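**Q** Quick one, fold the following:
(chains A and B)
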Amino acid sequence: MKNFSNKYIFLYISALVILIAVVLSVVSIGLKPLREANVQAEKCQQILYAAGYHDVDRKQSVVLFSKVAEKMQGADNQEVYRIRCADGVDGYAFSLEGKGLWGPIWGYAVTNIDGTILKGVAFDHKSETPGLGAKITEEDFLNSFKGKCLYDKDGRFVSVRVLKPGTSNDVDAENRVDAISGATLTSKGVDNMLMEGLQNIKK
Amino acid sequence: MKKYLGPLSKDNPVLVQTLGVCSALAVTAQLKPAVVMALSVTVVCACSNLIISLMRNTIPPRVRIIVQLLVVSFFVILVDQVLQAVLYDVSKMLSVFVGLIITNCIIMGRLEAFALSHKPLPSLIDGVMNGLGYGLVLVVVAFFRELLGSGTLWNHPVVPQSWYAAGYMNNGLMILPPMALILVGVMIWAKGGDKSS
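**A** Numbers count the residues shown, from 1 in each chain, chains lettered A, B, ... in the order given. Sure, this is the predicted structure:
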């Protein structure tokens, strides 16, 4: 086995690290516009999905979004859009942020113009378990939010709760949806996210 | 040629060497992420095997693990960045698991056991074969987990609606990680019965 001097080892590792850092930086900067365009387009696609425009190609979503949506002044850092929904009626889209089991979850909720009824939602996540928590992005779960009330019979704001079937029976059917079985903590995260993200509607 | 086919069966990295089991449990709830993960690992394993093999005579043995780590993480970050820019949907599906390829012991294992002492071309083939051997197990496990756990394959429903009407239910345990461990265990056991190895 060859003997390598300390100087050689030191220079070898330094050169390798610098080379890799430079190449990766160049790649990262070079691909940045593509990555950001992807993220932006996906956001448009999600808001459109929540507003009832399903099956919009990601590429077309940016164009369609700029036609139907208009940015509004939101509280704190919340993004709010006034949006012409797929059924032709105006509504508001609110951005949502929350915590899942493994990482952040986020999404958009579209309400009617009075801010009392959910017209649709779209969720996404960074790293929930495929087949369990990741199911929050699936159509069956998202559809269960459609037409749910944000206020209870007495006119109090209660948000739409995500609860295990058969528990908390004091919450009315129009104020709740079924949690995903096997994904208790992710469901709870969605529950909190809706509660926090939609309470500004009251104003 | 025969010695390169070892990873697919006789010398399978997951079933015989029991390497890379953790990611085999994590990404196999559905078929699609499992296939993409298998391909990503194959690409990273093959590329880093090739590069380490090209560098093998210049690498000081005392810091070889550090050099291997650098090369592997370089390719993993590269794969991740390219996926994010070009195959955005796929990169989202794999999320953190792409980054975790760095910790996949199969890759470090092949660099240490093969690439450091062999010429570039054999190293490249060895990397591809080991990636495929790993991927094979992933796909088999994911096939059964998705079929029995969700009644779908590649997100298409395959269990007929009439079965559900007749009382058939998806096995919820299948999509949980413990069942992946049991499935991999059963495969290792079945493999171990092969006396010819």
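**Q** In a helix, A:Gly107, correct?
**A** No - counting by DSSP: H, G, I helix; E, B strand; the rest coil, A:Gly107 is not found in a helix; it is strand.
**Q** and it, what does it touch?
**A** Residues counted as contacts of A:Gly107 (C-beta atoms under 8 Å, 6 or more residues apart in numbering or on different chains) are A:Gln46, A:Ala50, A:Ser95, A:Leu96, A:Val121, A:Ala122, A:Phe123, A:Asp124, A:Met193. Glycine gets a C-beta too; all of them are placed from N, C-alpha and C.
**Q** How about the helix or strand of chain B with the lowest mean pLDDT and chain A, touching?
**A** Lowest mean confidence among the helices and strands of chain B (mean pLDDT, DSSP states H and E): helix B:88-94, at a mean of 77. Yes - residues of helix B:88-94 contacting chain A under C-beta under 8 Å from any C-beta of the partner chain: B:Tyr88, B:Met93.
**Q** Write out the residues of chain B neighbouring chain A.
**A** Residues of chain B found near chain A (C-beta under 8 Å from any C-beta) are B:27, B:29-30, B:33, B:57-63, B:66-67, B:70, B:74, B:77-78, B:81-82, B:84-86, B:88, B:93, B:95-96, B:145-146, B:149-150, B:172, B:175-176.
**Q** Show me which of those are buried.
**A** Listed as buried from the residues of chain B next to chain A are B:27, B:29-30, B:33, B:59-60, B:63, B:67, B:70, B:74, B:77-78, B:81, B:84-85, B:88, B:93, B:95, B:145-146, B:149-150, B:175-176; burial here means 16 or more other C-beta atoms under 10 Å in any protein chain shown.
**Q** In helices only, show me those.
**A** B:33, B:67, B:70, B:74, B:77-78, B:81, B:84-85, B:88, B:93, B:145-146, B:149-150 (DSSP state H).
**Q** for chain B, what are the nearby residues on chain A?
**A** Counting by C-beta under 8 Å from any C-beta, the residues of chain A that sit close to chain B are A:1-2, A:4, A:8-9, A:12-13, A:16-17, A:20, A:23-24, A:27-28, A:31, A:34-35, A:38, A:42, A:58, A:102-103, A:126-127, A:129-132, A:181-182.
**Q** Filter the residues you listed down to the buried ones and hand me the PyMOL line.
**A** What follows is the PyMOL syntax for the buried subset of the residues of chain A next to chain B, where burial is set by 16+ other C-beta under 10 Å:
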select buried, chain A and resi 9+12+16+20+27+31+35+38+42+102+127+129+130+131+132+182
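**Q** Among the residues of chain A next to chain B, which ones are in helices?
**A** Among the residues of chain A next to chain B, DSSP H puts A:8-9, A:12-13, A:16-17, A:20, A:23-24, A:27-28, A:31, A:34-35, A:38, A:42, A:58 in helices.
**Q** Helices of chain B, start to end?
**A** B:21-26, B:31-55, B:64-86, B:88-94, B:96-99, B:105-113, B:120-150, B:161-165, B:177-192.
**Q** looking at the ones you listed, which has the lowest confidence?
**A** Lowest mean pLDDT of the helices of chain B: helix B:88-94, a mean of 77.
**Q** Report the buried residues of stretch B:35-48.
**A** B:35-38, B:40-48.
**Q** same check, this time on stretch A:62-72
**A** Burial within stretch A:62-72, assessed by neighbour count using 16+ other C-beta under 10 Å, is assigned to A:Val62, A:Phe65, A:Val68, A:Ala69.
**Q** Using CSV, write down the CA coordinates of that stretch.
**A** C-alpha atoms of stretch A:62-72 as CSV (Å, rounded to 0.1, in the frame of the first residue of the first chain):
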residue,chain,number,x,y,z
VAL,A,62,-50.3,29.7,-14.1
VAL,A,63,-52.2,31.3,-17.0
LEU,A,64,-55.6,30.2,-15.8
PHE,A,65,-54.8,31.3,-12.2
SER,A,66,-53.9,34.8,-13.3
LYS,A,67,-57.2,35.1,-15.1
VAL,A,68,-59.5,34.0,-12.3
ALA,A,69,-57.7,35.0,-9.1
GLU,A,70,-56.8,38.4,-7.6
LYS,A,71,-54.5,38.9,-4.6
MET,A,72,-56.1,40.5,-1.5
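**Q** List of residues touching it?
**A** Contacts to stretch A:62-72, defined as C-beta under 8 Å, 6+ apart, come from residues A:40-41, A:44, A:47-48, A:51, A:53, A:56, A:79-84, A:92-93.
**Q** What ranges in chain A fall below the confidence cut-off?
**A** Within chain A, the stretches with pLDDT under 70 are A:1-2, A:202-203.
**Q** Tell me where it has strands.
**A** For chain A, the strands defined by DSSP state E occupy A:69-72, A:80-84, A:90-99, A:104-112, A:118-125, A:161-163, A:176-178.
**Q** Ranking those by mean neighbour count, which comes first?
**A** Most buried of those, by mean neighbour count (mean count of other C-beta atoms under 10 Å in any protein chain shown): strand A:118-125, with a mean of 24.
**Q** Who are the packing partners of that strand?
**A** Judged by 3 or more C-beta pairs under 8 Å, 6 or more residues apart in numbering or on different chains; DSSP states H and E, the packing partners of strand A:118-125 are helix A:6-50, strand A:104-112, helix A:139-143.
**Q** could these be laid out in JSON lines, adding distance to B:Ala166?
**A** Formatted as JSON lines, these follow (distance: least, C-beta to C-beta, whole Å):
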{"stretch": "helix A:6-50", "distance to B:Ala166": "34"}
{"stretch": "strand A:104-112", "distance to B:Ala166": "36"}
{"stretch": "helix A:139-143", "distance to B:Ala166": "21"}
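**Q** Can you check which of these gets nearest to A:Leu198?
**A** With C-beta to C-beta as the criterion, A:Leu198 lies closest to strand A:104-112 of the helices and strands packed on strand A:118-125, at 6.3 Å.
**Q** Thank you, goodbye.
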